[in-house]
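Trainee: Just a sequence and a predicted model for now, questions to come.
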Amino acid sequence: MSNGWSLTAGFSALLGPVLLAQQRGDFWLPQRASSEAGAVDHLFYFIFGVSAFFFLLIVVLALLFVLRYRRRPGREVEPSPSHNLKLELTWSIIPIIIVIVIFALGFQRFLDMATPPANSYEIQVTGQKWKWFFTYPSGFVSDELHVPVDEPVKLVLTSEDVIHSLYIPAFRIKKDAVPGRYSTAWFRAIEPGQYLLLCAEYCGTGHSDMQTWTVVHEPGGFETWLAKASNFLDTLSPAEAGERLYKTKGCAQCHSVDGAGGIGPSFRDLYGHRQALRGGAEVTVEENYVRESILDPQAKVVAGFEPVMPTYQGKLSDREITAIIAYLKQLASGAQEVP
Amino acid sequence: MSTTTDVSGTPAALGENYLNCAHGLRSWLLTLDHKRIGVMYLISILASFFLGGVLALLVRTELLTPQRTIVDAQTYNQLFTLHGAVMIFLFIIPGIPAALGNFVLPMMLGAKDVAFPRLNLLSYHLWLLGAVFALASIVLGAVDTGWTFYTPYSTTTGTSVVAVTLGVFILGFSSIFTGLNFVVTIHKMRPAGMGWFQMPLFLWGLYATAIIQILATPVLGITLLLLIVERVFGVGIFDPALGGDPVLFQHFFWFYSHPAVYIMILPAMGVISELVSVFSRKRIFGYKAIAYSSVAIAVLSFLVWGHHMFVSGQSALANMIFSALTFSVSIPSAIKVFNWLATMYKGSIRLDTPMLYVLSFLFLFGIGGLTGLFLGALATDVHLHDTYFVVAHFHYVMMGGTVIAFLGGLHYWWPKMFGRMYSEKWGRIAALVIFVGFNLTFFTQFVMGSRGMPRRYYNYPEQFTPYHQLSTIGSYLLGAGFLIVAVYLLHSLVAGRPAPANPWGASSLEWQATSPPHPHNFAETPALRDPYDFSDLVYDPATGNYAPAKGADA
């Protein structure tokens, strides 16, 4: 594999084959579920070994000196040099060599982690206060990251608002999602299962709620999942499908579903009610008005709101619009039960 | 004039000294005496440390459970932001230089004051003004950005970012003026016969610190001004929505704030160099190596800021360069640690409270420094960045290093500053409680961090609950330790045994002054001597004082 590998191999053999053989993680590190995690952990334990050695050296010497040279009656300072070039060079050069090794290993493994294989499956990642969106090549968007096992996956990250950072501890990857930029990360999951996916860059009130799951599918399972999930118009009820579209197509950023104010009118209790429009007219919110507002949002803008909504012409199919209408109906009927 | 001689060991509490030479608040707030300014700084930074500590305990209490414990998410974010900002800008940056350094530096040179006493007072007044702005934000809507003020969050949040950044901007000038004063004082006011390499190493630490204060702090000032300009006038500098670049802010911010880490630790290393030598009663080992390594750290500290941005999307080449440079800065620190150990070898070690803090420092700073290797290495940093591993690492360096050294220095110079001895027994007990509490609080954070616990989390995955609870219990113990220190130090002011001029048998010049010192520091010009030669100092059991043996050079 690499020179660095053989260098630390000796150390890992000493430090605990048990620790590294198992995939479940250990006292210090979480489960190892990606192809690169093992290399990172090797380096971690190599540095751990170096640190433990020097730490013990410092503490043992300090204690030894305190015990032996403690001030007590009859004990005087013994003469000893206050300068020794050979000794000083030794304790400068040995650490220099060690840190050069650590640096080289860290860089070499980082390059592996930073260079996605050419055939990687690409997923777009968008961070937004306080949620992650994963867009698959088919255009389908989910709020959990689904990936196939044993296939390299490349993530292309960006953010809609402030800086976020995608962190999957079990894969040992982390990358900032920066607004106005694209950054990339990649991994190859080696074990099917569910792994925590966290936001690691502080992003405000809901920062710590920006957690979701990475779902690694069994061989073949990912394709099945994606086909089924992308086809949710067939498998879910229209209102459920509408809710999913609401969350993944950008409606949620401006329209609340709990009656709270926003850039656009809340969907709570909207359908079936009369709305005053800019310019004085009125309209009843029914199927055709909703459809028109999605495809030509500037045609009839509700009073009190700016005409800022982009058109969804070509972005939503008729079936999807129908599903969203079903969702709006549900939000309006549900609202009547709430006082 | 007082004729009390410095070597008689007679406590000067009854004679004229800088504490009783003038009375009233005005005599303090308008004083030009570096000792009084040092004491005012000491009181101010200790008050800040208390505030920051209370905030920390509130943060730790909230983290007892994975969901809400005592406050809501927004309040939690404000608490940890204020904890960081208060501790960094109000306490630890001015901590050792402005409080201990102000008091000790001129005396170590046998001088009457710093080079610019009025500028020194202005530094303190600016500190007060900056503190008012920074803390006013608590009333105006406490900031929730984290002490790092990352854009575009900080330019878009509704909290009072402008007040705090303005406060930090003013505090920056306070820091620059102190640095300027110290550089000039060390250059121009060394007594005849004291060359650069005859200075106590604490002064080398302060000198290296001052260089960073002067050169790096203006960058922070400029950065914060740009931030204010963006927020107030909507000029696009950092916010991509306005055509700016958010990562640029991180470069600017860390160009100051990484060197600032060395503003915090270099004077601490200087304190340790003094204490380890005095309490081992042995010449410091490798004087020149320690002195040069201080300067090396100061220079290299300017070249490593990019290691805060390894996962920001910075290029692999930049990452490689910053990683390599980061490792280079670890070498001078390692050299110092070995020198301190070698100083203890064959010495005559006294385990007084200050020396306990030295041992504590070696243990804690050892861990803090070595865990930096995990973060300097690129592959491991990707996993550990922005987790509790980083939180633990910098608390081991900043608190286990700087705060512990500050406490060591405070206990060492306390008799000189106030003319009273504190309870040695309680001093040792507190040092032990702090040591245990500290490790319980922060060692657990290493473990949860490397297991994937992100920092600045209000709600956290349940698997981390036991670590958080242990850490919180540790923080209460730590708080109790500091409380003990506060009680016996305050008690010593009223009931402490009068301190002799030189209770520890130290050789640097400040110990030739009475305790507390004369308003002009020395009633007579102090006899120049080697700061690390203790051979002629003899203990007098009657007074508790160390003085040169009869027949030795005056």
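Mentor: Cool, got the structure.
Trainee: Could you use CA atoms for every contact and neighbour count after this?
Mentor: Will do.
Trainee: Could you count how many residues lie near B:Gly244?
Mentor: Residues lying near B:Gly244 (other CA atoms under 10 Å in any protein chain shown) number 18.
Trainee: What values do phi and psi take at it?
Mentor: Backbone torsions of B:Gly244, given as degrees, to the nearest 10, read phi -100, psi -180.
Trainee: Ok, A:Ser35 next?
Mentor: phi -60, psi -30.
Trainee: I'd say it and A:Ile173 touch.
Mentor: No: using CA atoms under 8 Å as the test, A:Ser35 is too far from A:Ile173 to be in contact (11.1 Å).
Trainee: Give me the more crowded residue out of those two.
Mentor: The neighbour count for A:Ser35 versus A:Ile173, taken as other CA under 10 Å, is higher for A:Ile173 (26 against 19).
Trainee: so the more buried one bridges to which residues?
Mentor: Beta-bridge partners of A:Ile173, counted by DSSP bridges, are A:Ile168.
Trainee: Settle this for me: it is touching B:His383, isn't it.
Mentor: Yes: with contacts counted by CA under 8 Å, A:Ile173 reaches B:His383, the gap being 5.8 Å.
Trainee: pLDDT score for A:Trp5?
Mentor: Here the pLDDT value assigned to A:Trp5 is 42.
Trainee: ditto for B:Ser8
Mentor: So, for B:Ser8, pLDDT stands at 42.
Trainee: for the one 10 residues further on, same thing?
Mentor: According to the model's per-residue confidence, B:Tyr18 sits at a pLDDT of 93.
Trainee: Count the neighbours of the closest residue in space to it that isn't next to it in sequence for me.
Mentor: Nearest non-adjacent residue to B:Tyr18, counting by CA to CA, 6 or more residues apart in numbering or on different chains: B:Pro519, 4.0 Å away. Other residues near B:Pro519 number 19, with proximity taken as other CA under 10 Å.
Trainee: What residues does residue 195 make contact with?
Mentor: You didn't pick a chain, so chain A it is. Contact partners of A:Tyr195, counting by CA atoms under 8 Å, 6 or more residues apart in numbering or on different chains, are A:Ile168, A:Ala170, A:Trp213, A:Thr214, A:Val215.
Trainee: where does chain B have low pLDDT?
Mentor: Counting by pLDDT under 70, chain B shows low-confidence ranges at B:1-14, B:551-554.
Trainee: secondary structure class for whichever residue of the stretch 201-339 of chain A sits closest to chain B?
Mentor: Per CA to the nearest CA, A:Ser208 is where the stretch 201-339 of chain A lies closest to chain B, at 4.8 Å. Under DSSP: H, G, I helix; E, B strand; the rest coil, A:Ser208 falls in the helix class.
Trainee: Show the contacting residues for it.
Mentor: Per CA under 8 Å, 6+ apart, neighbours of A:Ser208: A:Leu198, A:Cys199, B:Arg456, B:Tyr457, B:Tyr458, B:Asn459, B:Tyr460.
Trainee: The fourth one belongs to a strand, doesn't it?
Mentor: No: counting by three-state DSSP, B:Tyr457 is not found in a strand; it is coil.
Trainee: was I right about A:Gly25 contacting A:Arg32?
Mentor: Yes: under the criterion of CA under 8 Å, A:Gly25 makes contact with A:Arg32 at 6.1 Å.
Trainee: The two: which is more packed in?
Mentor: A:Arg32 (24 against 17).
Trainee: Please identify which helix or strand holds the more buried one.
Mentor: Applying DSSP states H and E as the criterion places A:Arg32 outside every helix and strand.
Trainee: Tell me the secondary structure at whichever residue of the stretch 1-150 of chain B sits closest to chain A.
Mentor: Closest residue of the stretch 1-150 of chain B to chain A, CA to the nearest CA: B:Gln74 (5.2 Å). Of the three states, B:Gln74 takes helix under three-state DSSP.
Trainee: Roughly how far does A:Tyr121 sit from A:Phe110?
Mentor: As judged by CA to CA, to the nearest Å, A:Tyr121 and A:Phe110 stand 20 Å apart.
Trainee: quick one: which of these two has more around it?
Mentor: It is A:Phe110, of A:Tyr121 and A:Phe110, that has more neighbours when counted by other CA under 10 Å, with 23 against 18.
Trainee: Quick one: residues contacting the more buried one.
Mentor: B:Leu378, B:Ala379.
Trainee: Going by secondary structure, it is in what exactly?
Mentor: Assigned by DSSP H and E, A:Phe110 falls in helix A:85-114.
Trainee: before we move on, the earlier item: any residues in contact with both of A:Ser35 and A:Ile173?
Mentor: Taking CA under 8 Å, 6+ apart as the contact rule, A:Ser35 and A:Ile173 both touch A:Phe187.
Trainee: Strands of chain A, start to end?
Mentor: A:121-128, A:131-135, A:141-142, A:145-148, A:152-159, A:164-168, A:173-177, A:183-188, A:193-199, A:212-217, A:274-276, A:282-284 (DSSP state E).
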